[in-house]
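In: Fold the following.
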Amino acid sequence: MGKADGAPVASPGPAAAPSKAGRNLPAAIAVGGGLGAAVILILIFTPLVWVAVVAAAVAVATWEVVRRLREADISVPLIPLLLGGQAMAWLSWPYGPQGVLAAFAGTAVVTMVWRLFDHGLKATPRNFLRDTAIAVFVATWVPLLASFAALMVLQDDGAGRVFCLMIVVVCSDVGGYAAGVFFGKHAMVPAISPKKSWEGFAGSLVFCVIGGVLTVTFILDANPFIGALLGAALVFTATLGDLIESQVKRELGIKDMGTLLPGHGGIMDRLDSILPSAFVTWLVLTVLV
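Out: Numbering: from 1, shown residues only. Below you'll find the model as predicted:
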């Protein structure tokens, strides 16, 4: 990307240089393409396996977040969050939203009790309020929001609904990246994410609305105005999801939640924009389609 940015070409090194937007672009494209192909095959041939995919992603993302929090000396209980996250994902299958809500409430209660006595019955808990509040935040942020992606695949045209979610979120990422790299001049929220620009947001908006109209019209055979509404909504949720994770990482003093996905970071770094978008997509399509 050195020539494109007008800077001198650096000497060859062992690792690819990051792009203007801060990514190792070849690695990001390769990993993103592989994940996209896997999602397409699962949704076409074995859509119910999607529930297992969501459950696995929730487990890894939860572990990444808790590990980073513990590095910052925040004692968030891992086991209740891991088990509760699996309960939210899997109970969506037989019991729908009621199962997800019951599992979430159970996770919150068990997390509070676990943190209260995790140093024994006689020890005085330290930072109990802070740690339990953050634990409930993690339970909401990762497994609860992710469970709406599992709920979608269980509906009529479930695979198509998940396709709408994933395609529009990808449109937000691609549109924002392209417009930001080529036209980005005005920072959106430099205190949280210095590389995000209003030009990139405009690119995300255009791509999201086009992607929403096309997917809702041709995949779900629904009114294109619903697709436009979905696209406009997801550009906000995807951007806000990214900003929320950016702020969490900024407070923890880290660049990525993990290193599992080259060019992206960890699983959580790939899910940040998808999680709130999953809830909004489920809501819009459940109400309007």
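In: I'd say residue 30 and residue 263 touch.
Out: Yes: counting by Cβ atoms under 8 Å, residue 263 is a contact partner of residue 30 at 7.3 Å. Yep, even glycine has a C-beta here, placed from its N, CA and C like the rest.
In: So those two - more neighbours on which side?
Out: residue 263 (19 against 13; other Cβ atoms under 10 Å).
In: Need the phi and psi values for the more buried one.
Out: Per-residue torsions, residue 263: phi 90, psi -10 (degrees, to the nearest 10).
In: same question, residue 74
Out: Taking degrees, to the nearest 10 as the convention, residue 74 sits at phi -110, psi 110.
In: Then residue 261?
Out: Torsion angles at residue 261 (phi, psi; degrees, to the nearest 10) stand at phi -110, psi 100.
In: With residue 259 instead?
Out: phi -130, psi 10.
In: Tell me where the stretch 1-150 of the chain is predicted with low confidence.
Out: Low-confidence segments of the stretch 1-150 of the chain, defined by pLDDT under 70: 1-25.
In: Residue 159: what's it in contact with?
Out: Shown in contact with residue 159 (Cβ atoms under 8 Å, 6 or more residues apart in numbering): 43, 44, 47, 50, 153.
In: Quick one: name whatever helix or strand follows the helix or strand harbouring it.
Out: Element membership of residue 159, judged by DSSP states H and E, is helix 158-183. Following helix 158-183 in sequence order, the next helix or strand is strand 187-189 (DSSP H and E).
In: partners of that following strand in the sheet?
Out: strand 193-197 (antiparallel) (DSSP bridges).
In: Any buried residues in the partner strand, and which?
Out: 193, 195, 196, 197 (16 or more other Cβ atoms under 10 Å).
In: ditto for stretch 248-265
Out: Buried residues in stretch 248-265 (16+ other Cβ under 10 Å): 248, 249, 256, 257, 258, 260, 261, 263, 264, 265.
In: now swap in stretch 33-42 and tell me
Out: residue 42.
In: got the contact list for that stretch?
Out: Contacts for stretch 33-42 (Cβ under 8 Å, 6+ apart): 49, 50, 53, 162, 166, 170, 261, 270.
In: quick check, nearest of those to residue 131?
Out: Closest approach between the contacts of stretch 33-42 and residue 131, by Cβ to Cβ: residue 270, at 26.4 Å.
In: which SSE is that closest one in?
Out: Under the criterion of DSSP H and E, residue 270 resides in helix 267-271.
In: With residue 155 instead?
Out: Using DSSP H and E, no helix or strand contains residue 155.
In: give the contact list for it.
Out: With Cβ under 8 Å, 6+ apart, residue 155 has these contacts: 161, 285, 286.
In: I'd say residue 210 and residue 171 touch.
Out: Yes: applying Cβ under 8 Å, one finds residue 210 in contact with residue 171, separated by 7.0 Å.
In: Now the two most distant members of the buried residues of stretch 248-265.
Out: Among the buried residues of stretch 248-265, 248 and 263 lie farthest apart (Cβ to Cβ), at 20.3 Å.
In: okay, who's weakest in the buried residues of strand 193-197 by pLDDT?
Out: Ranked by pLDDT, those bottom out at residue 195 (88).
In: hmm, which of the contacts of stretch 33-42 are the buried ones?
Out: Those of those that meet the buried threshold are 50, 53, 162, 166, 170, 261, 270, by 16+ other Cβ under 10 Å.
In: out of those, who's nearest residue 134?
Out: residue 270 (21.8 Å).
In: What separation do you get for the residue lying closest to that closest one once chain neighbours are set aside and residue 85?
Out: With sequence-adjacent residues excluded and distances taken as Cβ to Cβ, 6 or more residues apart in numbering, residue 270 is closest to residue 264, at 5.0 Å. The gap separating residue 264 from residue 85 is 21 Å, by Cβ to Cβ, to the nearest Å.
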